[in-house]
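[1] based on what follows, work out the 3D shape:
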Amino acid sequence: MSVQTYDPSEQQTASSAEVSDTFSPELTSSDLDVTESAREKLTEIVRQSDDDIEGVRIYVGGGGCGGMSYGMTFTDQISDYDTVLDFGDLKILVDVVALNYLRGAQIDYISEVGRERFVFNNVFAETGGTGACGACGAAGGGCA
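    Below is the predicted model:
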């Protein structure tokens, strides 16, 4: 029987040059589609703000059995872990972790009589379903 020991000095780590070679901060419309109506409305909102806004950050929150939740907020900073979709006068920022849950989604702006809103379409296209399990108390079932 052989015994292997762990020596942390032998652990290999990626250098910052290797990491930067694999990480691309550019976000494309194939990663995240922002419709023209959504871009126009976001640009309008950013222009009306008195705050120093660097971009609109798209975020993903944990969802439990109801699936993930998606939203947007203004930010005054671009981090080293952000991917950027640059429309000139509007920047959409998504950190690399959130991008894994958003890839292939579309952000749209819908204006109906008495109701205006941003929507995230096709968020579950790669995994299928809605993310809801139906067994949780919040979904009408009963989790223990």
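[2] tell me, how many residues neighbour Leu102?
    22 (other C-beta atoms under 10 Å). Where C-beta positions appear, they are placed from N, C-alpha and C, glycine not excepted.
[3] same check on the one 5 residues further on?
    Counted with other C-beta under 10 Å, the burial measure for Ile107 works out to 24 neighbours.
[4] who's in contact with the helix or strand harbouring it?
    In this structure, Ile107 sits in strand 105-112 according to DSSP states H and E. Strand 105-112 is contacted from outside by 32-35, 37-38, 40-42, 58, 70, 72, 116-123, 125, using C-beta atoms under 8 Å, 6 or more residues apart in numbering.
[5] out of those, which end up buried?
    32-35, 38, 41-42, 58, 70, 72, 118, 120, 123 (16 or more other C-beta atoms under 10 Å).
[6] ranking helices and strands of this protein by mean pLDDT, which lands last?
    Here the helix or strand of the chain ranked lowest by mean pLDDT, DSSP states H and E is helix 16-22, holding a mean of 48.
[7] before we move on, the earlier item: list the buried ones in the strand holding Ile107?
    Those would be 105-109, for strand 105-112 by 16+ other C-beta under 10 Å.
[8] distance of Gly83 relative to Arg57?
    Heads up, residue 83 is Thr, not Gly. Note on Thr83: its distance to Arg57, by C-beta to C-beta, to the nearest Å, is 11 Å.
[9] which residues are common contacts for these two?
    Residues touching both Thr83 and Arg57 (C-beta under 8 Å, 6+ apart): 93-95.
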